[in-house]
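S.K.: Turn this into a model:
(chains A and B)
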Amino acid sequence: MEQKNDPSFADIWEELNYRGLVHVSTDAAELKTLLAGPPITFYCGFDPTAPSLHLGNLVQILVMRRLQLAGHKPLGLVGGSTGLIGDPRPTAERTLNTRETVAEWVGYLSAQVARFLSFEGDNAARMVNNLDWTAPLSAIDFLRDVGKYFRVGTMLKKDAVSARLNSDAGISYTEFSYQILQGMDFLELYRTYGCVLQTGGSDQWGNLTSGTDLIHRAEHASVHAIGTPLITNSDGTKFGKSEGNAVWLDPALTSPYAFYQFWLNTDDADVVERLKIFTFLTRDDLERLERAVEAEPFRREAQRTLAFEVTSLVHGVAATEAAIAAAGALFGQGELAELDAETLGAAVAELPSAKATAATSVVQALLDTGLVSSLGEARRAIGQGGVYLNNEKVADDTATLEGSELAGGFAVLRRGKKTLAGVTFS
RNA sequence: GGCGAGUUACCCAAGUGGCCAAAGGGAUCUGACUGUAAAUCAGACUGCUUCGCAUUCGGGGGUUCGAAUCCCUCACUCGCCA
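M.R.: Below you'll find the model as predicted:
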């Protein structure tokens, strides 16, 4: 649980590479020297495209934290201005969010990032918002002072831009300009704080180099960038999705229980890589778990460790233990009917739930708890034999909750093997 | 501004007057097998009061007994030309 870098590595650069966190970077030898030397200031930006950060962002946050633990000084940037523009996605133009929404999300994200960094000591972190230096800039100043450093040919070659130009979606001037804004951020932070390194996802590489190039031109200085790999599942699906939804860091959007379950269900083929990236376990621990996956996969020790470590990191140990206890009660071998009201209540509290009465139909309860999205789907699920009420298969789609009330006034609905919801009788 | 091409369900993509609630693939969900894993096989996948009905094929209007398919119009996208 303790957050520290593994002292068995010669320096943080070695450790980042071991953990598979460096996909692309500026000159590796220089970076290694830079990171092994006296403290530097670096930054990583987060755009407010949602009210919460998600697991993809957590990778970046942990890179920041590891660098901070190595003595370097982090600047956590929230994109108050870049969030108003939107970086080009490869598929299609983004819908612009209102200024009010973006401002609100900036607040949420800023607080989330701050939780993972230390604001004490010589290398205390600092949060910045790029709206602070972008908002006062006039269009004329922007074009004269910044635009002149950018060549359109270079801008067109960036993957994000060229993908869009080659697609049938095209790209607006607004999104095309995004890379300039991000480049300006790096320049601004270089000037104000002496920031010499930007980290980010490899999909941001074009934007990262936009900044290093700009500083090169405007300040004749060499600064650095590190791009982390895009994390993918070994089966080819997207990492960080649970039932089609993003896994958020905000407990109101993804409950600690669901968060824990997400990690617990990690594939054997992926679990070691995840441990390297998302935990502070040492190389020794990781190698031991890797052997455990091979020798005794059914024990799922690596998955349990991963789920515990990451959930504790994000939601705290108490919430994690509650999630584990809930899973134990709900997935345990014992009968649900034998659980006492307190245990059951705590377990149900971790699940999505809805109020109902004994007369409520099972299909309606499935819909109310969000286990299905329509009554038709609920009937279909029952017809497929995929619905359980208090661990007993529901055979008839006209069934009601009659007689299903357990201790404390709850019932447990399940869809499939592991999608659970609680019902509270009123 | 001119000319051409295009807009189909979560995504990709067939369909060019009735046999279309709309092929195929992917994603997703369920079942079997399992370790709350993967792979594999099977089924489901617009909604509803489900052997039937209602509403979908960019928006609106029209032709027709009948339209995703034909016509008009608006919006958006892409390309070429200016």
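S.K.: Any regions of chain A where pLDDT drops low?
M.R.: Along chain A, segments meeting pLDDT under 70 span A:1, A:236, A:243-244, A:332-334.
S.K.: Nearest residue to the middle of it?
M.R.: In chain A, the residue lying closest to the centroid (C-alpha atoms, centre = their mean) is residue A:55, at 1.4 Å.
S.K.: if I pick it, what's in contact with it?
M.R.: A:239-240, A:246-247, A:249 (C-beta atoms under 8 Å, 6 or more residues apart in numbering). (C-beta placed from N, C-alpha, C; glycine too.)
S.K.: which residues does residue A:46 bridge with?
M.R.: The residues listed as beta-bridge partners of residue A:46 by DSSP bridges are residue A:78.
S.K.: is it true that it touches residue A:54?
M.R.: No - assessed by C-beta atoms under 8 Å, residue A:46 is found out of contact with residue A:54, at 10.4 Å.
S.K.: Leaving out chain neighbours, which residue sits closest to whichever residue of chain A sits closest to RNA strand B?
M.R.: Proximity of chain A to RNA strand B (C-beta to the nearest atom of the strand) peaks at residue A:170, 1.1 Å away. Using C-beta to C-beta, 6 or more residues apart in numbering and skipping the chain neighbours, the partner closest in space to residue A:170 is residue A:164 (6.5 Å).
S.K.: Count residues in the vicinity of the closest residue to residue A:361 other than its chain neighbours, would you?
M.R.: Distances taken as C-beta to C-beta, 6+ apart put residue A:400 closest to residue A:361, at 5.2 Å, once the chain neighbours are dropped. Close neighbours of residue A:400, defined as other C-beta atoms under 10 Å, add up to 18.
S.K.: can I get the contacts of residue A:55 in CSV with distance to residue A:386 and neighbour count?
M.R.: Output for the contacts of residue A:55, formatted as CSV (distance: C-beta to C-beta, whole Å; neighbours: other C-beta atoms under 10 Å):
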residue, distance to residue A:386, neighbour count
A:239, 26, 17
A:240, 25, 18
A:246, 24, 17
A:247, 23, 21
A:249, 30, 24
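S.K.: In strands, which of the residues you listed appear?
M.R.: Counting by DSSP state E, these place residue A:246 in strands.
S.K.: rewinding a little: now the residue of chain A closest to RNA strand B, what's its secondary structure?
M.R.: Following DSSP: H, G, I helix; E, B strand; the rest coil, residue A:170 is assigned to coil.
S.K.: Do I have it right that it meets residue A:161?
M.R.: No - the criterion here is C-beta under 8 Å, and residue A:170 misses it with residue A:161 at 10.7 Å.
S.K.: ok, these two, which is more surrounded?
M.R.: More crowded of residue A:170 and residue A:161, by other C-beta under 10 Å: residue A:161, with 20 against 12.
S.K.: who touches stretch A:381-399?
M.R.: With C-beta under 8 Å, 6+ apart, stretch A:381-399 has contacts from A:335-337, A:361-363, A:366, A:371-372, A:378-379, A:401, A:404, A:406, A:411-416.
S.K.: What's the end-to-end length of that stretch?
M.R.: Separation of the first and last residues of stretch A:381-399 by C-alpha to C-alpha, to the nearest Å is 13 Å.
S.K.: repeat for stretch A:36-48
M.R.: End-to-end distance for stretch A:36-48: 32 Å, by C-alpha to C-alpha.
S.K.: residues of that stretch that come out buried?
M.R.: Buried residues in stretch A:36-48, counted by 16 or more other C-beta atoms under 10 Å: A:40-48.
S.K.: residues in contact with the strand or helix carrying residue A:84?
M.R.: Assessed by DSSP states H and E, residue A:84 sits inside helix A:82-85. Applying C-beta under 8 Å, 6+ apart, the contact partners of helix A:82-85 are A:45, A:47-49, A:96-97, A:99, A:102, A:105-106, A:130-131, A:174-175, A:177-178, A:181-182, A:185.
S.K.: give me that answer again for 6 Å
M.R.: Outside helix A:82-85, the residues within contact range by C-beta atoms under 6 Å, 6 or more residues apart in numbering are A:47-48, A:102, A:130, A:174, A:178, A:181.
S.K.: do stretch A:11-24 as well
M.R.: Stretch A:11-24 is contacted by residues A:5-6, A:9, A:32, A:35-36, A:63, A:70, A:202, A:205, A:226-229, A:276-277 when judged by C-beta under 6 Å, 6+ apart.
S.K.: Mind checking which of the residues you listed land in helices?
M.R.: Within the contacts of stretch A:11-24, residues falling in helices by DSSP state H are A:32, A:35-36, A:63, A:205, A:276-277.
S.K.: Check these for burial and list the buried ones.
M.R.: Neighbour-count burial (16+ other C-beta under 10 Å) applied to the ones in helices among the contacts of stretch A:11-24 gives A:32, A:35, A:63, A:205, A:276-277.
S.K.: what's the farthest-apart pair in those?
M.R.: Greatest spatial distance in these: A:205 and A:276, 21.2 Å, computed using C-beta to C-beta.
S.K.: what separates stretch A:52-72 from the chain centre, distance-wise?
M.R.: In this view, stretch A:52-72 has its centroid 11 Å away from the chain centroid, taken as C-alpha atoms, centre = their mean, to the nearest Å.
S.K.: Give me the next element, helix or strand, following the helix or strand harbouring residue A:312.
M.R.: Assigned by DSSP H and E, residue A:312 belongs to helix A:301-315. Using DSSP H and E, the helix or strand that follows helix A:301-315 towards the C-terminus is helix A:317-331.
S.K.: So which bits of that following helix are buried?
M.R.: Within helix A:317-331, the residues scored as buried using 16+ other C-beta under 10 Å are A:319-320, A:322-324, A:326-327, A:329-330.
S.K.: what's the answer for stretch A:259-269, then?
M.R.: Within stretch A:259-269, the residues that qualify as buried are A:259-264, A:266, counting by 16+ other C-beta under 10 Å.
S.K.: now, which of the residues you listed lie close to RNA strand B?
M.R.: By C-beta under 7 Å from any atom of the strand, the members of the buried residues of stretch A:259-269 lying near RNA strand B are A:261, A:264, A:266.
S.K.: which residues sit against the helix holding residue A:312?
M.R.: Helix A:301-315 has contacts (C-beta under 6 Å, 6+ apart) with A:249, A:251, A:256, A:259-260, A:263-264, A:266, A:271, A:274-275, A:278-279, A:289, A:292-293, A:320.
S.K.: That helix and RNA strand B, are they touching?
M.R.: Yes - residues of helix A:301-315 are located near RNA strand B by C-beta under 7 Å from any atom of the strand, namely residue A:303.
S.K.: Show me chain A divided up by domain.
M.R.: Domain assignment for chain A, taken from automatic domain parsing, gives A:12-228, A:241-331, A:350-425.
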